[in-house]
Structure formats: C-alpha cells, structure tokens
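**Student:** need the 3D shape of this:
(chains A and B)
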Amino acid sequence: MPTHFESLATLSTPLVCIDIDGAHRQVPTHYTVAAALLESGTLACRNTPVSGAPRGPFCMMGVCFDCLVEIDGVPNVQACMTRVREGMRVRPMSGKARLA
Amino acid sequence: MHVDLAHNTCCRFDIVVAGGGLVGMAIAYGLARAGQRVAVCDGADSAHRAARGNFGLVWVQGKGGRCLPYAQWSRESSERWSAFAAQLKRETGIDAGFERPGGIELCETAEQLEAGRQLLQSIHAQDASLDYEVLDIDALKARVPSASDELAGALYSPHDGHASPLYTLRAMQQAFASHGGTYLPHSEVREIRPRAGRFEIDTTHGMLQAGRVVLAAGLDNKRLAPMVGMNAPITPLRGQIMVTERLAPFLDYPTLVVRQTREGSVLLGDSAEQVGFDDGQTRAVMADIARRARTAFPALAHARIVRAWGALRIMTPDGLPVYEESAAHPGAFLAICHSGVTLAAAHADVIAPWIAGGARPAILHPFVATRFSN
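**Tutor:** You can find the predicted model right below:
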C-alpha cells in the first residue's frame, strides 16, 4: 500500500514498538495511534456499523469519531486521541462492538 | 421548500402551523396530504426542540391511569403507526425505524412490580383491550436474556414500540414538502392577530395570512395561546439522555430506561426534573441514569458513552394533552402534548382532518385546556 503520509525529518526520538493488525511498527513515542496508522499506510481503520463503509482518521482532534479502532481488546477507541504505548495491539474496528 | 418572505410582504395560506417539531409537522403533513395549502413556521436553531431531544418511544403502557381516553388515544396512535411509517417510506424513501415488539418496564423491586401491575390492571379493568403481562424474572429472562438476575421482574405491553425521532421528523418534513407544503425555517411566530375570521401571523421573516392557525410550538404555546383567546398552562420538564457507542444487538424490546436503536446505539434515560428552561446536564442525574441502566443490564458497564444531552418536555398540570379550538377566535387551534413520537400517527390521521374542517373526534373530549380553569 502506498504511503500517503510521511513523518517530517526530526531529531532522533525514542521509539516504541506497536502491533497494527499483526504488523510490528516502530513509531516515535509522541505519536498518536492515528498518526501511526496513517504513516503505516492504513487509511481506513474500520467499517461503519450501519452501512459497512470504510472510514479512517480524518479530523485528528477527537471530533469526528471516524478513527475508531480496537486497542488492546477495547473497542471503539479514538485513535487520534490515544498516544502509542510499547506493545500496544491495534486492530481494525469492524461493525458494532460486542458487550463483554 | 424555503420561500423568502423578505421580498413578499404577505403570503396567504389555508392554514399556518406555528411549530415545526414532531407535533407541528405531523399535523401539517396530515393537512397537506388532505389538499390544504399549509405553511409551517419553524423557530430558530437555538429554539428548545423536544422533537430532536427525545427518547423515541411509542408508548402506551401505564398512560391514562386516571383518564382512560388518554390510554385509548395513545393506543390508537400506536396502532396507526405501522401504516403511517409505511406511507412515509413510500412517499419519501425514509425509514422512520418504527418497530412494535411490545414494550417492557423493568422493575428493580417487588414493590415496583406490584405497583405497576396494579396500575395496568386498573386500566385493563376499564378497557379489556388494553393488554399487559406481568413477567417474573424467569419470563423476563426468556424474552430478554441480557437482563439482570437481580431484577424483580417486568411489565410487558404489546401496544408499545419505538421509532427514530429524527428520521420521523425528516420524513414528515419531506412528505409535507412533496404535498406542496411550505416550510419556513427561522420564522418564529412573533404575533398572531385575529382579523375578521382570519388570522395575520407576524414571523421574524414577514407576515402571513391564513384562514386557520394551529399552535404547535411546544413550550412557546404558552406565549402564543393568549393571542387567540386561549390558555396554555404548560411548564418544562427536563429529561437527560445518554447514548452509547454502537453495540451489537442485545435488547429486542424498548424499555423506559434503555432502548437500543436499529443502528446499534443505546439510549439511556427516563429522568424528570423541574428546572425551568435549563436544558443542560448534571452529573448526579446522569450517574443515576447510568446506575439504573447497569442494574438492569450489567453488561452495559463496559459500554462507552459517546453523547449526552438534556431536553425539555412540554407538560400540562395533569400531563394530559390539549387539542382545542378557540371559542373566542374559531379557526385557531391549540395542540399540546409531551408524546410527539407516540402520537405522531394520530396527529396526522385524526387531528389534521378535524382542523381541516371535520367534526371534532369524540375521543378528544377530555383534552381541553378549559379543564384547568375549572
């Protein structure tokens, strides 16, 4: 998949390793999950619960709720409002969440 | 359809409806469908809008304990809803999301269950067609497996259902327009002047004339009613609602506290506070709503809340509706209720033909504002 977003050249920053849909990625610690998704080329991170349309990070500021993902087993987390953490597992959000 | 009245000092209609919420649009749609030339004067975006803040129940159960016609009126609308929704779908393509699987009132204690049973029994004794069932915890779990074992039981009524208030409103607006109705947004009614058997209506965007006028402006009816010689003793009653993320279906029946929409969102509500025109939210009430929802459905403890709001019900002193024609100025009609979703079908099918010139339906007999002055 082509990469539409690239990180700006910056001073070297500490990295963490996260798991995006099974692929391991090294990303700077200051990234949000949405930034990591976009840098990895993941434009669509979920399918909507009503029509199944693909959606991905859009507003990047917590407003549009289009970047919902499952993080460490918790559904419907806003990727743009969540900072990456070492070992984090990010999965696409497909349809409606299930109650535990 | 938006008519710019700024360039048009006067527009004539058969009927002008003040209020573009669920009550006003249902009546206006019914009138336009019957061939009347109708204008709806809707308020500003900042107006109090019960139509856009309510819970979406089509509810009969428990209504009319002291006034049987109210129970019968609610049930009549509930029974008309299916055909009403089908017609809206045919005319607009919009699905109002109506379903009538019956409604469930969950009871946390045996005392609540018994009090509810007595109320429904007293209504059933007056009209045997107003049916209900008492569900003990096993019967409840058979219907609603996600319900908590800790509940005492529930009351079930086959007359209850639910719909999407927003799709319902949008469908009625679109159907109204397709029947030639004129919808005037941002056109709050400032003044109504009876003139020789007709009415002049000043709005924020110009003056209208009509042979008849319908006051369906929610809480603003209190201000408008005296302009046509009537009295609308109404007060706001706030309800707070929280909405969860979209969840896989876990609840097939609407309840008063928890309702899952077709799209998967879960609405939590059923609060009531007299706080004037404050439509805000409070932590204490939201915590109580959340506690009741979790008590009934323990799995909801894991659900995420994505939105919350307050909205104002339109309450008469006895909670019953008002449908009345002005004695001083015939042709002016007052419509007040706090169940704009439940009663939408009856408003379009029964109230509109009366306002268009038909006989006043007998079932409306108790619903006059003059009952408050006696």
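
**Student:** and whichever helix or strand B:Ala32 is part of, what's buried?
**Tutor:** Secondary structure assigned from DSSP states H and E places B:Ala32 in helix B:22-33. Neighbour counts using 16 or more other CB atoms under 10 Å in any protein chain shown place B:Leu22, B:Val23, B:Gly24, B:Met25, B:Ala26, B:Ile27, B:Ala28, B:Tyr29, B:Gly30, B:Leu31, B:Ala32, B:Arg33 of helix B:22-33 among the buried residues. Bear in mind the C-beta positions are built from the backbone N, C-alpha and C, glycine included.

**Student:** repeat for stretch B:292-301
**Tutor:** Under the neighbour-count criterion of 16+ other CB under 10 Å, stretch B:292-301 has B:Arg292, B:Ala293, B:Arg294, B:Ala296, B:Phe297, B:Pro298, B:Leu300 buried.

**Student:** secondary structure class for the last one?
**Tutor:** Applying DSSP: H, G, I helix; E, B strand; the rest coil to B:Leu300 yields a three-state assignment of helix.

**Student:** so who does it touch?
**Tutor:** A:Leu99, B:Thr244, B:Val258, B:Val266, B:Leu268, B:Ala293, B:Arg294 (CB atoms under 8 Å, 6 or more residues apart in numbering or on different chains).

**Student:** which members of those occur in helices, if any?
**Tutor:** Those of the contacts of B:Leu300 mapping onto helices are B:Ala293, B:Arg294, per DSSP state H.

**Student:** same list (the contacts of B:Leu300) but as JSON lines, adding pLDDT and distance to B:Val322.
**Tutor:** JSON lines is the format used below for those (pLDDT from 0 to 100; distance: CB to CB, whole Å):
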{"residue": "A:Leu99", "pLDDT": "78", "distance to B:Val322": "42"}
{"residue": "B:Thr244", "pLDDT": "96", "distance to B:Val322": "35"}
{"residue": "B:Val258", "pLDDT": "97", "distance to B:Val322": "31"}
{"residue": "B:Val266", "pLDDT": "97", "distance to B:Val322": "33"}
{"residue": "B:Leu268", "pLDDT": "98", "distance to B:Val322": "30"}
{"residue": "B:Ala293", "pLDDT": "97", "distance to B:Val322": "33"}
{"residue": "B:Arg294", "pLDDT": "96", "distance to B:Val322": "38"}
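
**Student:** B:Gly19 contacts B:Gly218, doesn't it?
**Tutor:** Yes. Assessed by CB atoms under 8 Å, B:Gly19 is found in contact with B:Gly218 at 6.1 Å.

**Student:** not counting sequence-adjacent ones, nearest residue to B:Val350?
**Tutor:** Of all residues not flanking B:Val350 in the chain, B:Pro361 sits nearest, at 5.6 Å (CB to CB, 6 or more residues apart in numbering or on different chains).

**Student:** now B:Pro330
**Tutor:** Closest residue to B:Pro330 apart from its sequence neighbours, by CB to CB, 6+ apart: B:Gly197 at 7.8 Å.

**Student:** can you tell me how far that neighbour is from chain A?
**Tutor:** 51 Å (CB to the nearest CB, to the nearest Å).

**Student:** what do you get for B:Val322?
**Tutor:** 38 Å.

**Student:** ok, now which ones touch that residue?
**Tutor:** B:Ala232, B:Thr316, B:Leu334, B:Ala335, B:Ile336, B:Cys337, B:Phe367, B:Val368, B:Ala369.

**Student:** in CSV: those residues, plus distance to B:Ala163 and secondary structure.
**Tutor:** Formatted as CSV, the contacts of B:Val322 follow (distance: CB to CB, whole Å; DSSP: H, G, I helix; E, B strand; the rest coil):
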residue, distance to B:Ala163, secondary structure
B:Ala232, 26, coil
B:Thr316, 23, coil
B:Leu334, 25, strand
B:Ala335, 19, strand
B:Ile336, 21, strand
B:Cys337, 16, coil
B:Phe367, 23, coil
B:Val368, 28, coil
B:Ala369, 28, helix
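
**Student:** re earlier: surely the residue nearest to B:Val350 meets B:His347?
**Tutor:** No. Counting by CB under 8 Å, B:Pro361 sits too far from B:His347 to count as a contact (11.7 Å).

**Student:** compare these two (neighbour count), which wins?
**Tutor:** Applying other CB atoms under 10 Å in any protein chain shown to B:Pro361 and B:His347 shows that B:His347 carries more neighbours, namely 30 against 16.

**Student:** quick one, what contacts the more buried one?
**Tutor:** B:His347 neighbours (CB under 8 Å, 6+ apart): B:Val23, B:Ala26, B:Ile27, B:Gly30, B:Ser77, B:Ala335, B:Gly340.

**Student:** could you do A:Asn47 as well?
**Tutor:** Neighbour list for A:Asn47: A:Ala53, A:Pro54, A:Arg55, A:Pro92, A:Met93, A:Ser94, A:Gly95 [criterion: CB under 8 Å, 6+ apart].

**Student:** nearest to B:Ala210 among these?
**Tutor:** Closest approach to B:Ala210 among those (CB to CB): A:Ala53, at 44.5 Å.

**Student:** OK, contacts around the closest one?
**Tutor:** By CB under 8 Å, 6+ apart, the contact list for A:Ala53 reads A:Asn47.

**Student:** A:Val77: how many residues sit nearby?
**Tutor:** Around A:Val77 there are 18 other residues, counting by other CB under 10 Å.

**Student:** how near is it to A:Val16?
**Tutor:** 17 Å (CB to CB, to the nearest Å).

**Student:** do B:Glu273 as well
**Tutor:** Counting by CB to CB, the gap from B:Glu273 to A:Val16 is 47 Å.

**Student:** hey, where'd the helices end up in the chain?
**Tutor:** With no chain named, the answer covers chain A. Secondary structure of chain A (DSSP H): helices at A:33-39.

**Student:** hm, I was asking about chain B
**Tutor:** Under DSSP H, chain B gives helices at B:22-33, B:68-92, B:110-126, B:137-143, B:165-178, B:221-224, B:283-296, B:344-346, B:352-355.

**Student:** which bits of the stretch 51-200 of chain B sit near chain A?
**Tutor:** Counting by CB under 8 Å from any CB of the partner chain, the stretch 51-200 of chain B comes close to chain A at B:Ser146.

**Student:** tell me how many other residues crowd the residue of the stretch 51-200 of chain B at minimum distance from chain A.
**Tutor:** Taking CB to the nearest CB, chain A has its nearest neighbour within the stretch 51-200 of chain B at B:Ser146, 7.7 Å off. Per other CB under 10 Å, the neighbour tally for B:Ser146 reads 17.

**Student:** ditto for the one 10 residues further on
**Tutor:** B:Tyr156 has 23 neighbours, counted by other CB under 10 Å.

**Student:** nearest residue to it other than its sequence neighbours?
**Tutor:** According to CB to CB, 6+ apart, the nearest residue to B:Tyr156 is B:Glu133 (4.4 Å).

**Student:** how far away is that neighbour from B:Gln36?
**Tutor:** Counting by CB to CB, the gap from B:Glu133 to B:Gln36 is 42 Å.
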